[in-house]
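A.B. asks: 3D model of this:
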Amino acid sequence: MTLFILSFFPTISVCPKNGCRQQLFNPYNLLNLKFNELLCILFLLIPFATPLTFDFPNFPYNINTLSLEGDASFEGQFLRLTRSALDEATTVSVGRATHIQPFLLREKATGKLADFTTSFTFVINSQKHYPYADGLALFLAPKGSSLNRTLGQGGSLGLAVENPMTGASRAQYPVVAIEFDIFQNTVQSVDDPVEDHVGINVNSLKSLVTKPWEGGIADAQVNSATVSYDSKSKNLSVAYTNYMNGVQVMRYLDYIVDLNRYLPDCVIVGISGATGQEFALHKITSWNFTSTSLADEINVKKSANSV
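C.D. replies: Below is the predicted model of the structure:
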C-alpha cells in the first residue's frame, strides 16, 4: 500500500511579549507526525486481521502475552489455573488464562471462517484424594469477555455460563469449549455422565457430545490434547490421551458445529479451570495455537474480480 499525502504549511509568525520574531514552520515535522500516527493506527488494526500463532513450550514468569485472571498464576515453568497445595484453601478456586491478542475467526463480508488448531499438555492432580473435582476447559469467547469468579467456580470450570452449585446463570458471553470434566454434576442443566469425561460444549455446561476419560488424576499423569476446527466441514474435534491399565492411548471426539451461529468475528482463546467443594490441582505445562489467515483469501478474491 502506498500513501500520498499533500499538504500546504504557511510560515507562522510568533510574537512573544519581548518582541516579535518570525519562525519558519518545518512542514516535514508535522508530516512526519501525521505519518507516525497513521502507522500506529495501522499497527493497532493489523492484529485483528491476521491469524494468531503462539507457542509456549513452558511458562516462565516473564510471559506478557497471556492475561491471567482469578487464581491463575505462573509457577516454576508451568501455568497453574487453580490454587496450589501450598495455599491455605484449595477448594472453591477458579482461574483462567487467555492470550491477549484476539484473532479473526470470521470474515464479516463473506462469512468465511478460519481453521485453527491448538495443542496443550496438562496435569490434573488429586494427590491421591478421592472424590476430586472439577476439571478444565479450552474455550473460545468474544473479545472482551472476562472471568466471573462466582459463576466460574466448581462445575462451571471457569466458564461464565452458569454455576451448578447455585443455579445462577448468565448468557452475557457466548462460549464454545472442550471440557475435561472430572466431577459428576447431576443438576438437570448439566446432566454429567457418571464417569470422568471429555465433552464439547456450546453456550452451556451440558455437553453436546461426550466420551469417557481416564486421565490418571490420582497419579498426576501428564495428559495432552489437540483441538482442531475445519471450517469447510464445520467439524470441531479433539484428540486426547487416555490411560488404560497405566498405558497411554489416544481417544477422539468430534462434533459438527457452525461457529458462525455462536461466535462473533473476533474472538479470544483461553484455558480455564476450577474446583468446588472437592479438590484437585490444575496446571498447564505447554500450549500452542495457530489459525489460518482470512486476509489472503479475501485479497485473492478481490484480485480475481478485478481481472
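A.B. asks: From what I see, G273 and V94 are in contact.
C.D. replies: Yes: proximity of G273 to V94 meets the contact threshold set by CB atoms under 8 Å, at 7.3 Å. In this view, the C-beta of every residue, glycine as well, is placed from N, C-alpha and C.
A.B. asks: can you list residues touching both of these two?
C.D. replies: 82, 158 (CB atoms under 8 Å, 6 or more residues apart in numbering).
A.B. asks: ok, the most centrally placed residue in the chain to L253 distance?
C.D. replies: Using CA atoms, centre = their mean, the residue of the chain that lies closest to the mean C-alpha position is V269, 1.5 Å off. In this view, V269 and L253 are 19 Å apart by CB to CB, to the nearest Å.
A.B. asks: do D191 as well
C.D. replies: 17 Å.
A.B. asks: In terms of neighbours, single out the busier of the two.
C.D. replies: Using other CB atoms under 10 Å, the more surrounded residue of D191 and L253 is L253, with 21 against 13.
A.B. asks: partner residues bridging the residue nearest to S73 when sequence neighbours are not counted?
C.D. replies: Setting aside the residues directly before and after it, S73 is nearest to R80 in space (CB to CB, 6 or more residues apart in numbering), at 5.2 Å. On DSSP bridges, the residues paired with R80 through beta bridges are S73, K283.
A.B. asks: was I right about R80 contacting S93?
C.D. replies: No: counting by CB under 8 Å, R80 sits too far from S93 to count as a contact (9.9 Å).
A.B. asks: where do the contact lists of the two overlap?
C.D. replies: D71.
A.B. asks: which one of the two has more residues nearby?
C.D. replies: S93 (29 against 22).
A.B. asks: how far away is that one from I100?
C.D. replies: 23 Å.
A.B. asks: ok so, going back, thinking in terms of the whole chain, how far from its middle is the host helix or strand of the residue nearest to the centre of the chain?
C.D. replies: If you go by DSSP states H and E, V269 is part of strand 266-274. Distance of strand 266-274 from the chain centroid (CA atoms, centre = their mean, to the nearest Å) equals 3 Å.
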